[in-house]
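S.K.: the following block contains a protein sequence and its predicted model.
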Amino acid sequence: RKGGAVALAACAIGLKKANEGRRDVIECRDLILASVVHACQDHSQRVRYYATESLFNVTKVIPSLAVRHFFILFEILRSLYADVDLDV
């Protein structure tokens, strides 16, 4: 699961230069974000740590995705901030 979160960020970096107007690219980006958000809610501390790092990389590479899904990202970041493990 840790490697999956990192691989999703790598896929988002690969899609950075893809044509924004294509419907399949938009769907892939949304699926990547949904998967990383799901990984941020994992029970394992290590998975949450890597998912947080991946979430940062995804939103850095595709900022329009962060704007479109702002409220979902805000809730995830709020829950990660309140995490009992300080490494996350």
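M.R.: On my side now, so go ahead. Numbering: from 1, shown residues only.
S.K.: how about the nearest residue to the residue nearest the centre of the chain, chain neighbours excluded?
M.R.: The chain has Leu55 as the residue nearest its centroid, 3.2 Å off, counting by C-alpha atoms, centre = their mean. With C-beta to C-beta, 6 or more residues apart in numbering as the criterion, Leu55 has its nearest non-adjacent residue at 5.1 Å, and that residue is Val36. Where you see a C-beta, it was placed from the backbone N, CA and C, and this is true even at glycine.
S.K.: pretty sure the one you found is touching Ala9, no?
M.R.: Yes. Taking C-beta atoms under 8 Å as the definition, Val36 is a contact partner of Ala9 at 7.3 Å.
S.K.: for these two, indicate the residue with more neighbours.
M.R.: A side-by-side neighbour count of Val36 and Ala9, using other C-beta atoms under 10 Å, places Val36 first with 26 against 22.
S.K.: which of the residues in the strand or helix carrying that one are buried?
M.R.: Assigned by DSSP states H and E, Val36 belongs to helix 23-40. By 16 or more other C-beta atoms under 10 Å, the buried positions in helix 23-40 come out as Ile26, Cys28, Arg29, Ile32, Leu33, Ser35, Val36, Val37, Ala39, Cys40.
S.K.: try stretch 40-48
M.R.: For stretch 40-48, burial by neighbour count (16+ other C-beta under 10 Å) applies to Cys40, Asp42, Val47, Arg48.
S.K.: the second one - nearest residue in space that isn't next to it in sequence?
M.R.: In space, and not counting its chain neighbours, Asp42 is closest to Arg48: 5.6 Å by C-beta to C-beta, 6+ apart.
S.K.: right, I'll leave it there.
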